[in-house]
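*Asks:* my questions are about this predicted structure, shown below with the sequence.
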Amino acid sequence: MPKHSTVSYILSLAVVFLVLRFQLLPAIFAGLAVYVLTLKLARHLPKNMNRVARKVALGVVVICVITCLTSAAAAIWSFIGSSHGIAALLTTIVDTLGSLRGTLPTSVADVLPTTIEGLRQQLIEMFGEHVQKISVVGMEGIKVFAHILLGMVVGGMAAVHHFNEHDKAPPFISAMRKRLRTLTTAFDKVVFAQVKISALNTALTAAYLLVALPLFGIKLPMAAILVLLTFAVGMLPVVGNLVSNTVIVVISLGISPAVGISSLFFLVLIHKAEYFMNARIVGHEVQATAWELLSAMLLLEAVFGVVGLVAAPVVYAWLKAEVKELGLI
């Protein structure tokens, strides 16, 4: 293997390690999303454009992609904060907890809030007791948001530069570009598969809430909102499912303990099956078996935590593509 190729592999592996070690995955994923979407859309631009016009067109595409991604995030945030979103869910949850007070032990019932204000007061008290931790989380959130914006800008700039690349580049630069192309291809395939997984998860939840329960004469309050919530948080690994499942189970308990247990059982099945669906669907896209992806997810989760779990499909798909390119498998 040429020396420049060996160095490019070593540098690429080092970058992956540093990204996972220093929690830079959101920025990298945001940048790759802008980069991949820009390249896809740029293919539809007229090929007879002059150089200046093409740069302007690419700049417009980049701005549109970044605007669409940030608008989608803002729309989700707006939905969560609207009167029909989190506020309505809080009201329903408090009403449900109030109806459960009579069936719970006194020691537990006394702790439960009876009004929205009571729930808010408990949250304020909790924040007051853990103000230092909350402030740290808030600062981390601001830092992650800044990283995401910066990653989008870098991804857009890289996409524009992609069309200015020359074939006659130094061997090392060509090797690094090849590593980037392989990574973006893996990212494209894995993200497309993840969208299908999230859609399937939402469809199963909708079938349960909007079809299965009504067939038994059970109408869950705010079922449509719960389906939208499931879709909105479905792209967030682990945490997203935990949030939506908890809300669904609590509201189901307000109907009856049997409905609550049924919802818990159904959602646990979906949650557990999602790991295998993830491995199967993603595996089909990147030509990897389920056990390979599951092993990669377990290994990276053990080393890097949730960040490693999220990155595992992309990292493994990239590594396997590189190994195939070398003719080793």
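*Replies:* Happy to help now that I have it. Numbers count the residues shown, from 1 in each chain.
*Asks:* not counting sequence-adjacent ones, nearest residue to I28?
*Replies:* On the basis of C-beta to C-beta, 6 or more residues apart in numbering, the spatially nearest residue to I28 that is not a chain neighbour turns out to be V19, at 5.5 Å. Where you see a C-beta, it was placed from the backbone N, CA and C, and this is true even at glycine.
*Asks:* so what's that neighbour up against?
*Replies:* Residues near V19 by C-beta atoms under 8 Å, 6 or more residues apart in numbering: L25, I28, A311.
*Asks:* I'd like the distance between it and V310.
*Replies:* According to C-beta to C-beta, to the nearest Å, V19 stands 11 Å off from V310.
*Asks:* work out for me the element F266 sits within.
*Replies:* Applying DSSP states H and E as the criterion places F266 in helix 257-286.
*Asks:* past that helix, which element shows up next along the chain?
*Replies:* Reading on from helix 257-286 to the C-terminus, the next helix or strand found by DSSP H and E is helix 290-304.
*Asks:* for the helix or strand following that next one, the distance to its chain's centre please.
*Replies:* Once helix 290-304 ends, the next helix or strand along the chain (criterion: DSSP H and E) is helix 306-325. Computed by C-alpha atoms, centre = their mean, to the nearest Å, the chain-centroid distance of helix 306-325 equals 16 Å.
*Asks:* can I get the contacts of V19 in TSV with distance to S198, pLDDT and neighbour count?
*Replies:* Formatted as TSV, the entries for those read as follows, by distance: C-beta to C-beta, whole Å; pLDDT from 0 to 100; neighbours: other C-beta atoms under 10 Å:
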residue	distance to S198	pLDDT	neighbour count
L25	18	90	20
I28	20	93	22
A311	17	87	23
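*Asks:* report how many residues lie close to L210.
*Replies:* 15 (other C-beta atoms under 10 Å).
*Asks:* cool, K55 as well?
*Replies:* So K55, with other C-beta under 10 Å, has 14 neighbours.
*Asks:* low-scoring stretches of the stretch 51-200 of the chain, by residue?
*Replies:* Applying pLDDT under 70 to the stretch 51-200 of the chain flags the ranges 76-141, 165-167.
*Asks:* for R21, give me the pLDDT.
*Replies:* At R21 the predicted local distance difference test score is 91.
*Asks:* and it, how many neighbours?
*Replies:* With other C-beta under 10 Å as criterion, R21 counts 12.
*Asks:* residue contacts, it?
*Replies:* Taking C-beta under 8 Å, 6+ apart as the criterion, R21 is in contact with F304.
*Asks:* how about a cut-off of 10 Å?
*Replies:* Listed by C-beta atoms under 10 Å, 6 or more residues apart in numbering, the contact set of R21 reads V303, F304, V307, G308.
*Asks:* of the residues you listed, closest to A288?
*Replies:* Closest to A288 out of the contacts of R21 is G308 (16.9 Å), distances taken as C-beta to C-beta.
*Asks:* neighbours of the nearest residue to that closest one once chain neighbours are set aside, how many?
*Replies:* Nearest residue to G308 in three dimensions, chain neighbours excluded: L300, at 3.2 Å (C-beta to C-beta, 6+ apart). Around L300 there are 21 other residues, counting by other C-beta under 10 Å.
*Asks:* if you count neighbours, what's buried in the host helix or strand of the residue nearest to I28?
*Replies:* Here V19, judged by DSSP H and E, is contained in helix 3-21. Of the residues in helix 3-21, those buried by neighbour count under the rule 16 or more other C-beta atoms under 10 Å are S5, S8, S12, V16, V19, L20.
*Asks:* kind regards, and thank you for your time.
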